[in-house]
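**Q** here's a sequence, model it:
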Amino acid sequence: MKIDAGRYRVKLAETEAERAGAERLRYRVFVEEMGARARPEQHASRREWDEHDAQADHLVVLDRQATGDELDRVVGAYRLTSGEAAARGIGFYGEREYDLGPLKTCGRAVLELGRSCVAQEHRGGPAVHLLWNALAGYVLERRIEILFGTASFAGSDPGPYAEALAHLHHAHLAPPDLRVRALPARRVAMDLMPAEAVDPARALAAVPPLIKAYLRLGGFVGDGAVVDEDFNTVDVCVLMDTGRMVARYRSFYERNWERQP
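**A** Predicted coordinates for the structure are as follows:
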């Protein structure tokens, strides 16, 4: 799978340099930009990684005009872990925060999305669109039925996001068959305000762009949020059922993927 478009190439990482480049980008975004904690060896190499990387596919956007350090050619990344890979390996990353029982026993093809990031200077342009288009191709090729993963609000205090979290709970809670729940020891209630007290427009304005993108595709959220002190975030679990996905978006991605060489 490969997409070439102008200065960008989108593909699955095949070399150590491409995988290390994704880790370098993650360090820049999550550690330097968002304030995540990192171990001394990660600071020394300016790369962010964990034990889940070895079992995952890594979708990367390469800037073919970049010069200098080869690792800095990676300007977009997604970590993709299939249900089969998780079962063969150490499980899903999201199991640290959520009871994923409904997904693990649903009998359908599932894919965990994680570590999504784009270099600051490439946001708002074609790099983001190409990354999503390639993800759609990956999903279509492998006949993935359920997509899920944690997505984050910046900072580890849920208070400023009370209205946004309440809106997600009241308006976008996953159906019972997909409703994963935050682990009891880590659960932060999302229904911090009654539905009638929530201004939907104001609430959505406080929702991060990635979560809003998932919602536009027909996504849902699990029950409960989690504070991730290591990454300095408030996390929600977002789920998308491709069978329930908004038809116009599914059709758009299928048409765009079919046009790729």
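**Q** give the helix, strand or coil label for the residue in the chain sticking out farthest from the centre.
**A** Largest separation from the mean C-alpha position in the chain: residue 196, at 29.9 Å (Cα atoms, centre = their mean). Recorded secondary structure, residue 196: helix (DSSP: H, G, I helix; E, B strand; the rest coil).
**Q** gap between it and residue 29?
**A** According to Cβ to Cβ, to the nearest Å, residue 196 stands 37 Å off from residue 29. All C-beta atoms are positioned from the backbone trio N, CA, C, and that covers glycine.
**Q** just to revisit the earlier point, the residue farthest from the centre of the chain and residue 99, how far apart?
**A** Applying Cβ to Cβ, the value for residue 196 to residue 99 is 30 Å.
**Q** with residue 106 instead?
**A** To residue 99, residue 106 is 13 Å away according to Cβ to Cβ.
**Q** alpha carbons only: can I get stretch 112-124 in CSV?
**A** Coordinates of the C-alpha atoms in stretch 112-124 are reproduced here as CSV (Å, rounded to 0.1, in the frame of the first residue of the first chain):
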residue,chain,number,x,y,z
GLU,A,112,-6.9,-0.4,17.3
LEU,A,113,-5.8,3.1,16.2
GLY,A,114,-3.1,4.8,18.3
ARG,A,115,-0.3,7.3,18.5
SER,A,116,-1.9,9.4,15.7
CYS,A,117,0.2,12.5,15.1
VAL,A,118,1.2,15.0,12.3
ALA,A,119,4.1,17.4,12.6
GLN,A,120,2.9,20.9,13.5
GLU,A,121,4.2,22.5,10.3
HIS,A,122,2.2,20.0,8.2
ARG,A,123,-1.2,20.3,9.9
GLY,A,124,-4.1,21.8,8.1
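**Q** alright, that wraps it up for me.
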